[in-house]
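Asks: okay, sequence plus prediction incoming.
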Amino acid sequence: MDSHANTLLNAQFNLSFSHFKILLILHEHPNFNQKDLSSCMSLTESGISKTISSLKDLGYLEITENPNNRREHLLKPTKLGLELVEKALKVFRNDTHNLFSVLNKDEALTFHNSLKKLISQF
């Protein structure tokens, strides 16, 4: 699934799925710091620092100093970054719609109920 998402994002926006996941999280949680973000993604801070830097260089991410803790930097998507997330989500919605279009109504309902049952186990 990650590979498919990566292919879609690269083709449409010249962006990796890792970049998108960071922007999506920050879309939902603006002003996360790098520690919050890395924890949310289950990665190390150093593991995402290159991706954060790349997003900043591309103009998708803004990094500011936390006024309450000068050693901490807050991460926030720029207007361009927010627009990219919205466009990418539309691409994913269309792709998902196309994927599930091969199922008839009963098959889709069965699939949905099966997923709900599996998810309830967590």
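Replies: That came in fine, so what should we check first?

Asks: buried sites along the lengthiest strand in the chain?
Replies: Of all the segments assigned as strand in the chain under DSSP state E, the longest by residue count is strand 69-77. Neighbour-count burial for strand 69-77, with 16 or more other Cβ atoms under 10 Å as criterion, is recorded at 74, 75, 76, 77. C-beta here means a position set from N, CA and C on the backbone, and glycine is covered the same way.

Asks: could you do stretch 34-47 as well?
Replies: Counting neighbours by 16+ other Cβ under 10 Å, one finds that the buried residues in stretch 34-47 are 34, 36, 37, 38, 40, 43.

Asks: now the third one: how far from residue 58?
Replies: This points to residue 37. Taking Cβ to Cβ, to the nearest Å as the criterion, residue 37 is separated from residue 58 by 17 Å.

Asks: need the single longest helix in the chain, by residues.
Replies: If you go by DSSP state H, the chain has its longest helix at helix 79-100.

Asks: what lies in contact with it?
Replies: Judged by Cβ atoms under 8 Å, 6 or more residues apart in numbering, the contacts made with helix 79-100 from elsewhere in the structure are 5, 8-9, 12-13, 15, 20, 23-24, 26-27, 55, 59-61, 77, 108, 111.

Asks: and stretch 7-27, by the same measure?
Replies: When contacts are taken as Cβ under 8 Å, 6+ apart, the neighbours of stretch 7-27 outside the stretch itself are 2, 5-6, 32, 37, 40-41, 48, 51-52, 54-55, 60-61, 75-77, 81-82, 84-85, 87-89, 91-92, 95.

Asks: any weak-confidence spans in this structure?
Replies: Counting by pLDDT under 70, the ranges of the chain that qualify are 1.

Asks: picking up where we left off before, so which of the buried residues of stretch 34-47 is the closest to residue 103?
Replies: Out of the buried residues of stretch 34-47, the one with the shortest distance to residue 103 is residue 40. That distance is 32.1 Å, counting by Cβ to Cβ.

Asks: does that closest one really touch residue 34, like I thought?
Replies: No. Counting by Cβ atoms under 8 Å, residue 34 is not a contact partner of residue 40; they are 10.7 Å apart.

Asks: biggest separation within the buried residues of stretch 34-47, which pair?
Replies: The largest distance within these, taken as Cβ to Cβ, falls between 36 and 43 and amounts to 11.8 Å.
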